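In: I would like the atomic coordinates for the input below:
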Amino acid sequence: MLSGDPLFGAIHVVAPDQLDRLFDAAPEAPGVEEVLISGEDTSQDQSAHQPSEYDPSKSLDDIFSGLTDEDDSTRSDDNPDQDHPRSGRSTMGSRSPLGALTNADITEAQEAAILQGLEELANFGDLLGDFSDFAAQLPLIDTADLGGLLGFYEILHDSLYTPVYDYFNDATDPPTTDDLLTALQDISGTYGALTITVSALTGGFDADDNEIRFSLNFGATRSGEMRLDVGDVPAEAGVVLEGEVELAFTACLTFDFTFGVDPGHQFFIAVDQLEA
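Out: Purely as a prediction, here's the structure:
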């Protein structure tokens with residue numbers, strides 16, 4: 001299960017199954033555990049072949065585990081709507097059962113938490129593209145790997161963070177959860193070789209947990225062509241290839257998750273499925 005305490009500033013992350021450790025960390029606690037990551041550790045700038053069976057949520061155990069400690073003093077549960085300087089931290093952990101969601105205004109502190117959290121999620125996508133099976137060289141393909149074909153950073157930054165940023169930048173004052181839902185739904189579309197789909201979208205203010213929350217199934221499909229690299233095999237087999245051989249590919253990403261801002265103005269993300 002991927003989970004976390006502060007992800008780059010204020011992220012809760014919960015992912016489904018056991019995840020191989022990217023970093024040295026304390027032993028995993030039973031069930032959902034809290035882990036942290038500091039933004040200073042991953043200061044990245046703002047990014048098919050047939051879909052593989054690789055599911056990172058089953059092989060990246062506690063990707064953020066044990067990097068920092070959460071400062072509970074930054075939380076202000078008694079006054080969730082108070083705009084105050086953000087602590088620069090956020091928490092990733094287990095979520096309580098979902099309550100009824102209603103439309104609500106989004107405060108400046110909540111807006112800042114959402115934008116920072118989604119930006120750092122894109123930065124994490126950049127790291128993920130260089131990790132484990134995502135970075136493995138594809139057979140017979142010239143300088144290609146799954147992470148490179150998909151372009152995790154580009155997908156999460158340009159097709160998730162940027163539309164949300166644009167909504168807040170253009171929104172009438174104040175922005176609302178219903179209008180942000182509309183902006184998220186409008187992400188669906190085809191952009192050149194990349195197709196984005198947003199489905200099962202819900203969101204709003206949860207009075208029981210005193211937080212705003214958005215859930216969605218986010219899918220990305222990239223298609224194109226890649227050059228076949230067969231090395232010396234054809235010559236050794238007496239086969240003559242005329243010119244370069246191009247192969248069509250399709251690469252797919254499935255990312256089902258919930259994100260939001262808790263009463264302490266900390267961003268969280270709970271991952272239900274992450275698969276490419």
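In: Helices of the stretch 51-200 of the chain, start to end?
Out: Listed in chain order, the helices found in the stretch 51-200 of the chain under DSSP state H, counting those that start in this stretch are 108-128, 146-150, 152-156, 162-170, 177-185.
In: Point out the other helices and strands that the longest one packs with.
Out: Spelled out, that is helix 108-128. helix 152-156, helix 162-170, strand 246-261, strand 267-275 (3 or more Cβ pairs under 8 Å, 6 or more residues apart in numbering; DSSP states H and E). C-betas here are computed from N, CA, C, even on glycine.
In: Buried residues, the last one. List them.
Out: By 16 or more other Cβ atoms under 10 Å, the buried positions in strand 267-275 come out as F267, F268, I269, A270, V271, D272, L274, E275.
In: Could you pull out the strands in this structure for me?
Out: 3-4, 13-14, 101-102, 189-191, 194-206, 211-227, 246-261, 267-275 (DSSP state E).
In: Contact partners for the residue lying closest to Q273 once chain neighbours are set aside?
Out: Nearest residue to Q273, sequence neighbours excluded (Cβ to Cβ, 6 or more residues apart in numbering): D256, at 4.1 Å. Residues near D256 by Cβ atoms under 8 Å, 6 or more residues apart in numbering: A200, L216, N217, F218, V271, D272, Q273, L274.
In: Touching, F168 and A112? I think so.
Out: No: F168 is not in contact with A112 according to Cβ atoms under 8 Å; the separation is 9.3 Å.
In: coming back round to it: among the strands of the chain, which is the most enclosed?
Out: Using mean count of other Cβ atoms under 10 Å, the stretch among those with the greatest mean number of neighbours is strand 3-4 (a mean of 29).
In: that older thread, between the strands of the chain, which one is closest to D126.
Out: D126 lies closest to strand 246-261 among the strands of the chain, at 13.9 Å (Cβ to Cβ).
In: quick one: the closest one to strand 267-275, angle?
Out: Angle, strand 246-261 to strand 267-275, by axes from the mean of the first three to the mean of the last three Cα atoms, to 10 degrees: 150 degrees.
In: in stretch 115-131, what's buried?
Out: Buried residues in stretch 115-131 (16+ other Cβ under 10 Å): 115-129, 131.
In: closest to D105 among the buried residues of strand 267-275?
Out: Out of these, the member with the shortest distance to D105 (by Cβ to Cβ) is F267, at 17.6 Å.
In: ok, back up a step: lowest average pLDDT across the helices of the stretch 51-200 of the chain?
Out: For the helices of the stretch 51-200 of the chain, mean pLDDT drops lowest on helix 146-150, to a mean of 69.
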